[in-house]
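# Here's my sequence, what's the structure:
(one chain, ligands or ions: 1)
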Amino acid sequence: MEKLVISGPTSLKGEVEISGAKNAAVAILPAALLIDGVCTISNLPNISDVKLSCEILEALGAKIKWIDANTIEVDSRNITTTQAPLNLTSQFRASYYIIGAMLSRMGAVQVAMPGGCQLGARPIDQHIKGFEALGAEVVVEKGLINAKADKLIGGSVYMDIVSVGATINVMLSAVLAEGTTIIENAAKEPHIVDVANFLNTMGADIRGAGTDIIKINGVEKLTGDATYSVVPDQIEAGTFMLAAIASKGDVLIKNCITKHLESITRKIIEVGGQIEDFGDSLRVWCDERPKHATIKTLPYPGFPTDLQPQMGVVLSLADGTSIINESIWDSRFQYTDELNKMGAKINAQGTRAFFEGVDHLEGAPVYSTDLRAGAALIIAGLVAEGETEIYNLEHIDRGYENIEEKFRNLGAKIKRVEE
Ligand code: EPU
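Prediction:
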């Protein structure tokens, strides 16, 4: 078993280069199954969720060639089966994108119910509602999802809930359908725009991604023969921004789209941090103890749930009492028990948590309960006095590329050791 050992406290200083977005990459890879041709995808984060996605594509018949650590060529001309390997699809959440992509390309698919971080109930009813509106038949039984359609025909889908996954999945299923599909109350996250841009580069006709109404005019075929670079990861950028604030550091975050980070930028300024915006990079620094704040997580462009635990570390060190209301996931405060082991004073009740700011944290053995909880514990370890050991690294490795190396370059004393 591996663990991270961090000796703190450290004030982070220097520059960090942001990788491609995990949540865009894990949708773009299945989207490549729609192409009756070859495409090249660059700026892919080298993380375990991307490797799993590639394995699933290969099991379905696609050929993948790694050009370098962050670039692959996908040849989807010959899809050989509609049965996705159950042991792989059950391992992570984004495997649900195989359903939309394979329905569109092959008219049938079988996958396992998706796994992924335990953040509370994670239904897929909105995905299914969308597929059915296009004429598919979907049966969920004994942990398996079977979907088929003789022919998909464009339809109108009103999402009852703003869902990133359902918006992308219905978009995937509509690309090769006959006629026009309209998705209303669509999610607007940057990775939705990125998947639409990828598909349009390959020959699709998708309009309005990034707004709450997306219109997809079905096309006969996607031919590929193009290269696409994945958008920078706004959650990774936000993680380093919040690490800079928590550690009273001074960090230049390079290769990010600062427009995607506005909700975080505003909160950082509210808690006393400082920001210089260069458009594709941000300097973030903080000289004083953060001030308390109230935060509610919301779909984009609101404050992202995927930065809530990292912000929780900042607020556990703030001057005064802060409140976080989590409105996306039922169980996203599991990390607060771990922070309390380090001396934080957090009282989490359901989807709300109260943070009574303390003046320092102390190193302790802690367990990462999910991906972003793991990132928060790393930040806590950097600012805590003494040694912090973090276990369950598989969660962190799912979504952050070279995380120790990136923090080490900023002065952190962090190492991965085998127990
Ligand atoms: N929901 C439904 N029915 C559905 C779909 C969603 O009720 O059919 C509910 C969910 O239970 C949740 C809300 O709608 O309460 C939003 O869920 P959404 O579908 O937007 O989440 P997701 O697509 O499963 C993605 C990210 C998550 C991120 C959320 C919210 C991927 C692979 N995952 O999940 O990322 O938290 O959007 O922004 O894109 C992470 O990266 O750490 C992570 C968990």
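# Can you tell me what sits against whatever helix or strand residue 73 lives in?
Using DSSP states H and E, residue 73 maps to strand 71-75. Contacts with strand 71-75, where a contact means C-beta atoms under 8 Å, 6 or more residues apart in numbering, come from 29, 32, 35, 37-44, 54, 57, 62-67. C-beta here means a position set from N, CA and C on the backbone, and glycine is covered the same way.
# Does the next helix or strand along the chain from that strand reach the ligand?
Beyond strand 71-75 in the direction of the C-terminus, DSSP H and E gives the next helix or strand as helix 86-89. No: residues of helix 86-89 are not located near the ligand by C-beta under 6 Å from any ligand atom, the shortest gap being 13.1 Å.
# How about residues contacting helix 86-89?
With C-beta under 8 Å, 6+ apart, helix 86-89 has contacts from 52, 55-56, 59, 95, 98, 111-112, 114, 144.
# Could you count how many residues lie near residue 416?
Neighbourhood size, residue 416 [other C-beta atoms under 10 Å]: 14.
# Where does pLDDT dip in the stretch 51-200 of the chain?
115-117, 120 (pLDDT under 70).
# Residue in it with the shortest distance to the ligand?
Among the residues of the stretch 51-200 of the chain, residue 165 lies nearest to the ligand; the distance is 2.7 Å by C-beta to the nearest ligand atom.
# Quick check: that residue is in a helix.
Yes: looking at residue 165 with DSSP: H, G, I helix; E, B strand; the rest coil, it is inside a helix.
# Now do the contacts for it.
93-94, 96-97, 124, 127.
# Same question for residue 359.
Applying C-beta under 8 Å, 6+ apart, we find residue 359 in contact with 289, 317.
# got it, and residue 133?
Contacts of residue 133 by C-beta under 8 Å, 6+ apart are 155-157, 170.
# can you pull up the bridge partners for residue 8?
Bridge pairing for residue 8 (DSSP bridges) gives the partners residue 386.
# From the structure, what's the count of residues near it?
Neighbours of residue 8 (other C-beta under 10 Å): 22.
# pretty sure it is touching residue 385, no?
Yes: using C-beta atoms under 8 Å, residue 8 is in contact with residue 385, at 6.3 Å.
# Around the ligand, pick out the residues from the chain.
Checking the chain against the ligand by C-beta under 6 Å from any ligand atom, the hits are 23, 26, 93-94, 117, 121-127, 161, 163-166, 187, 305-306, 328-329, 371-372, 399.
# which of those are buried?
Neighbour-count burial (16 or more other C-beta atoms under 10 Å) applied to the residues of the chain next to the ligand gives 23, 26, 93-94, 117, 122, 124, 126-127, 163-166, 187, 305-306, 328-329, 371-372, 399.
# Of the residues you listed, which belong to helices?
Those of those mapping onto helices are 23, 26, 126-127, 164-166, 371-372, 399, per DSSP state H.
# Would you list the phi and psi of the nearest residue to residue 283 once chain neighbours are set aside?
Ranked by C-beta to C-beta, 6 or more residues apart in numbering and with sequence neighbours excluded, the top spatial neighbour of residue 283 is residue 276, at 4.1 Å. Per-residue torsions, residue 276: phi -120, psi 130 (degrees, to the nearest 10).
# Surely residue 314 touches residue 242?
Yes: in this structure residue 314 lies within contact range of residue 242 using C-beta under 8 Å: 5.6 Å.
# out of those two, which sits in the more crowded spot?
A side-by-side neighbour count of residue 314 and residue 242, using other C-beta under 10 Å, places residue 314 first with 30 against 27.
# need the contact list for that one.
242, 245-246, 271, 290.
# what's the answer for residue 223, then?
35-37, 202-203.
# rerun at 6 Å
The contact partners of residue 223, by C-beta atoms under 6 Å, 6 or more residues apart in numbering, come to 37, 203.
# Can you say which helix or strand has it in it?
Per DSSP H and E: strand 222-229 holds residue 223.
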